[in-house]
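**Q** Coordinates for the following, if possible.
(chains A and B)
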Amino acid sequence: MTPPDKKLLARLPRTFVPALNDQIGRWELLFPCEQRVIRDQVEYLGRLPAREFDELFRSVKQLEARMDLPSWGPARSRITVSDTSLLVRSPYYPQWRVEVEKVFERINSGIEATQPQARLNRLLVCVLPAGLPVNGELPWPRLAREGRRVKLKTTFGEAQPELIRTLASHCARSLETIERMWALEAGGSIARAVGADATGLTVLSFDALAPVRREFLRRLNQIRKDLRSLDATYDDLRHMKLEGFLEPALARHPQIPAYIRDLFLSGNGAVLFGNSFVQWGAAEALRRAQPQAVFCAFGIRKRLKPFSGLVLFEDQTRANPVPEQDDPAASLEDGRILADYVRLAAERLAAYQGRTAGIFAVAELQEVWVLGPLALPEAPTGGIAPSEFAAALGAWLGEQPSAA
Amino acid sequence: MNRRALLRLVSLAAAERLRGAQKSPPSQLPHRLVLVTLGGIRRQESFSAGGLENVPRLHGDLLPKALYFPYCLNEGVTSHFNTISSILTGTWQHVDDWGRELPRQPTLIQYMQEQLRLPPAQTWVVTSNKALTAKIGAGGNVILSKQLLIEAVERIILGYSSRKKLERELLLEELTDVMQQDYERIGWEVPSPAATMDPRLKETFLTALAGFMKGPDNATSGDELTFMVASEVLRRVEPALLVVNFSDMEVAHSGVFSAYVAGIRRADTLCYRLWNLLQSLPVYRETATLVIMSEFGRDPDGSTTNGFFNHRTDTEECRLTWMIVLGKAVQKPAVVERVVRHIDVVPSLAALLGVRCAQASGERLPELRVRT
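**A** As a prediction, the model looks like this:
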């Protein structure tokens, strides 16, 4: 995308300019959906009459005038950790956040009014691993209010491979491949099962990304406790080449290495814990790439070792003689809420509201929670067969598989 | 300048405070304060129907003796350094959150030292939180206990030590070494040109470390070490003011919900033990007021800031916390239903000592009165 008109940049609030310049500067690393949104927003603002433009940003600019902001010029291309630190401690920061959200709501509703989007059916699947102390019960009592239990003929784990293949092949062909289906997993079984040849399926495995994570942690551990060092390391990591660490199927999309870098730099435990990686990775994928289907496979984490657990940015197997042990009870406690957080992340986004079916499952159980406006065939006494279940979800996604 | 060099510069200023940090004359102080701040804890994981199982000691054992303020509002920046310095100054602080700046107004430590003519040894901060620096308790003694532990663990893991395994005995040796050779790493606020640590204080810490490593509780967490150090300070130094911070629940930033909840449960137990310790020490039994409050909550489920992971939203879940007051300032156990603010706490506590926080903007809480 060509950079926005300098005159437009000069009229924007000061806090908006570095972020916009950053996005434009990384244009080829943005997902198609992000590119569409930014293009639409810039065009919308460019068309807006001067009076309405000024009115739109008045509150934000008034707050900015009272904030002790860094002296960003129109060419400033990103906000550093040091800048953020200044921004966040301003007494006006909470109001600023509210006003910024209002501005984007107005811009987005203005765009939607002029170019309504065709809405796709979407699907979200969250599955907890076998081996958790669930006592035969689906562990999301909160979902009982809005979901319904559906019985399967096999365990969900047995149905999973066929389901993933079917879903990937049923996503809308009108979408770019990177917008069709994403699978995020704490382990590596999906990545191993589907390999790199499943068109339209982007698989991100916490296990498979271990070399990248180690390199990130190595560099993060070199940060000295001052902001300049932090900014320098973050800048270094933002440009770290990941392609050599990734499967060719992932590396061929320039957005994927950039997404992984951004994800690991945005914290939230994504570089440290498999289940946090799945949850936060899914939330970011939903927000940024907006895939039609998202499959989240949580895992069992290791028990935090004495003392090593204090130093989260370190590999706890180093120098610690305590044997590694699974922690199924804690993994259940973590996975239950993190899976729910994925659902809540989708609910915040217009693209997913009202058109998303949700499946919440435990690999070793023969029933699932089903959420949303999805019609499933009547379950016979023994439960729905895996092929019927997969076909029904595939049909929901709206397209028949293309002829091979 | 790297962290080590920076800390060394700080340590060049060591001895005056260290010399002052031995047990003061009992000084017949009629009132002593212990203020405990806890990291971010949401109401839904603590004082709510679903959360009480995580705070059985606070709720079941301490609340019946306490003044309980269920609605304590943090109207400031919901980050650690700013929140704790807001509490300690009685004024909303907007300073650098990396601890590079002093709070803009005096803290309770400075007010007490000045108006009660207390030596530095009478005012202490012992804290777990890694985001804090010695500037949080300028003028007093500040111990960043968790940082000491992390330092020793890192030295072993990264191969900077001759000790190659994270075993209790070896870690204790490493911690002792850090204490003996590199004690500035514990973050002591030591503004003096000499650099020798008072042997009695050294003994205080070595006792705390040994208790932590060899005690019956099999302790391993940063908050347990903080508790041990705070306990030794109370036993050996008997300060007029001790500020303690527990932060194990901040593992929530990494999304490990189970560890976040375990951190809350640990803090619950440690607060109870702290109260029992105060009741067992003659100098504190009749004179101490213990305040337990959380810095903030955490973000609501479904927020754009990823719910319990963070504490950045301008929401009730994040800003509205609770506070428990025990001991001498409690005339009669009660629940105070109105909303109070973090910045009201220190002016109220100071007033109990006859100290005026001239630059504080918080208001005195009339419920806190010295028991007669």
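
**Q** C-alpha only now, for contacts and for neighbours.
**A** OK.

**Q** Phi, psi for A:P133 please.
**A** The phi/psi pair for A:P133 (degrees, to the nearest 10) reads phi -80, psi 70.

**Q** Identify each buried residue in the helix or strand where B:E173 lies, please.
**A** Remark: B:E173 resides in helix B:168-181, with elements defined by DSSP states H and E. By neighbour count with 16 or more other C-alpha atoms under 10 Å in any protein chain shown, helix B:168-181 contains the buried residues B:168, B:170-176, B:178-179.

**Q** does the closest residue to B:D344 other than its chain neighbours count as helix, strand or coil?
**A** Nearest-residue entry for B:D344: B:G362, 4.2 Å, with adjacent residues in sequence omitted and distances by C-alpha to C-alpha, 6 or more residues apart in numbering or on different chains. Here B:G362 is recorded as coil under DSSP: H, G, I helix; E, B strand; the rest coil.

**Q** Go ahead and confirm B:G362 touches B:I343.
**A** Yes - using C-alpha atoms under 8 Å, B:G362 is in contact with B:I343, at 4.7 Å.

**Q** Now do the strands in the chain.
**A** Just so you know, I chose chain A. Here chain A has its strands, by DSSP state E, at A:122-128, A:147-151, A:181-185, A:201-205, A:293-297, A:356-362, A:367-371.

**Q** nope, chain B
**A** Using DSSP E, strands in chain B cover B:32-38, B:67-73, B:123-127, B:141-144, B:241-246, B:288-294, B:320-327, B:334-335, B:340-341.

**Q** residues from the stretch 251-372 of chain B in reach of chain A?
**A** Selection of the stretch 251-372 of chain B residues close to chain A by C-alpha under 8 Å from any C-alpha of the partner chain yields B:253-259, B:301-302, B:304, B:306-307, B:309, B:313-314.

**Q** closest to chain A among those?
**A** B:S254 (3.7 Å; C-alpha to the nearest C-alpha).

**Q** And for the closest one, the neighbour number?
**A** Neighbour count of B:S254, defined by other C-alpha atoms under 10 Å in any protein chain shown: 23.

**Q** tell me the pLDDT at the residue in the stretch 1-150 of chain B positioned nearest to chain A?
**A** Ranked by C-alpha to the nearest C-alpha, the top residue of the stretch 1-150 of chain B for proximity to chain A is B:H94, at 5.2 Å. B:H94 is assigned 93 on the pLDDT scale.

**Q** Verify the stated contact: B:Y284 with B:L278.
**A** Yes - taking C-alpha under 8 Å as the definition, B:Y284 is a contact partner of B:L278 at 5.5 Å.

**Q** Between these two, which is the more surrounded one?
**A** Ranked by neighbour count (other C-alpha under 10 Å), B:Y284 and B:L278 place B:Y284 first, with 26 against 23.

**Q** Quickly note the distance from that one to chain A.
**A** B:Y284 is 32 Å from chain A, where distance means C-alpha to the nearest C-alpha, to the nearest Å.

**Q** could you list every residue that touches that residue?
**A** By C-alpha atoms under 8 Å, 6 or more residues apart in numbering or on different chains, B:Y284 lies in contact with B:32, B:278.

**Q** Quick check: it vs A:V37, distance?
**A** B:Y284 is 63 Å from A:V37, where distance means C-alpha to C-alpha, to the nearest Å.

**Q** so who does B:L38 touch?
**A** Contacts here follow C-alpha under 8 Å, 6+ apart; on that basis B:L38 touches B:245-247, B:267, B:292-295.

**Q** Let's see that with 10 Å instead.
**A** Counting by C-alpha atoms under 10 Å, 6 or more residues apart in numbering or on different chains, B:L38 touches B:80, B:84, B:127-129, B:244-250, B:263-264, B:267-268, B:271, B:292-297.

**Q** Verify the stated contact: A:K102 with A:R58.
**A** No - contact criterion C-alpha atoms under 10 Å: A:K102 and A:R58 do not qualify, at 11.6 Å.

**Q** Pull out the buried members of the residues of the stretch 251-372 of chain B next to chain A.
**A** Among these, those buried by neighbour count (16+ other C-alpha under 10 Å) are B:253-259, B:301-302, B:306-307, B:309, B:313-314.

**Q** Can you show me the CA trace of stretch B:284-295 as CSV?
**A** What follows is stretch B:284-295, C-alpha atoms only, in CSV (Å, rounded to 0.1, in the frame of the first residue of the first chain):
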residue,chain,number,x,y,z
TYR,B,284,3.8,-6.4,68.4
ARG,B,285,1.1,-8.3,70.2
GLU,B,286,-0.6,-5.2,71.6
THR,B,287,0.8,-2.5,69.4
ALA,B,288,0.6,-3.8,65.8
THR,B,289,-1.9,-2.9,63.1
LEU,B,290,-1.8,-5.3,60.2
VAL,B,291,-3.3,-4.1,56.9
ILE,B,292,-3.8,-6.6,54.0
MET,B,293,-4.8,-5.2,50.6
SER,B,294,-4.5,-6.2,47.0
GLU,B,295,-2.9,-3.7,44.6
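
**Q** so how far is that stretch from its chain's centroid?
**A** 12 Å (C-alpha atoms, centre = their mean, to the nearest Å).

**Q** can you check stretch B:289-304 too?
**A** Mean-position distance between stretch B:289-304 and its chain equals 15 Å (C-alpha atoms, centre = their mean).

**Q** Same check on stretch A:30-44?
**A** 18 Å.

**Q** do that stretch and chain B meet at all?
**A** No - with C-alpha under 10 Å from any C-alpha of the partner chain as the criterion, chain B is not reached by stretch A:30-44; the gap is at least 17.1 Å.

**Q** Any buried residues in that stretch, and which?
**A** Using 16+ other C-alpha under 10 Å as the test for burial, stretch A:30-44 gives A:30-35, A:38-42, A:44.

**Q** what's the pLDDT at B:R17?
**A** Reported pLDDT for B:R17: 39.

**Q** quick one on the thing from earlier: so what sits against both of B:Y284 and B:L278?
**A** Common neighbours of B:Y284 and B:L278 (C-alpha under 10 Å, 6+ apart) are B:34, B:234-235, B:327.

**Q** In the chain, where is pLDDT below threshold?
**A** Because you didn't say which chain, this covers chain A. Where chain A drops to pLDDT under 70, the residues are A:1-4, A:116-117, A:196-197, A:224-225, A:308-309, A:311-315, A:319, A:399-404.

**Q** please go with chain B instead
**A** Low-confidence regions of chain B, defined by pLDDT under 70, span residues B:1-27, B:181-200, B:371-372.

**Q** Now with 50, please.
**A** Applying pLDDT under 50 to chain B picks out residues B:1-24, B:26, B:189-196.

**Q** Show me which helix runs longest in it.
**A** helix B:257-280 (DSSP state H).

**Q** what is the orientation angle of it with strand B:241-246?
**A** Using axes from the mean of the first three to the mean of the last three C-alpha atoms, to 10 degrees, the inter-axis angle of helix B:257-280 relative to strand B:241-246 is 160 degrees.

**Q** Quick one: list the elements packing against helix B:257-280.
**A** Secondary-structure packing of helix B:257-280 (3 or more C-alpha pairs under 10 Å, 6 or more residues apart in numbering or on different chains; DSSP states H and E): helix A:328-347, strand B:32-38, helix B:56, helix B:222-236, strand B:241-246, helix B:282-285, strand B:288-294, strand B:320-327.

**Q** A:F264: which of the ones you listed is closest?
**A** helix A:328-347 (17.3 Å; C-alpha to C-alpha).

**Q** So that closest one, near chain B or not?
**A** Yes - Helix A:328-347 is in contact with chain B by C-alpha under 10 Å from any C-alpha, via A:329-338, A:340-347.

**Q** Next, work out how far apart A:P248 and chain B are.
**A** Between A:P248 and chain B the computed distance is 29 Å (C-alpha to the nearest C-alpha).

**Q** and that residue, how many neighbours does it have?
**A** A:P248 sits with 11 neighbouring residues when counted by other C-alpha under 10 Å.

**Q** and A:Q95, how many neighbours?
**A** Residues within reach of A:Q95, counting by other C-alpha under 10 Å, total 15.
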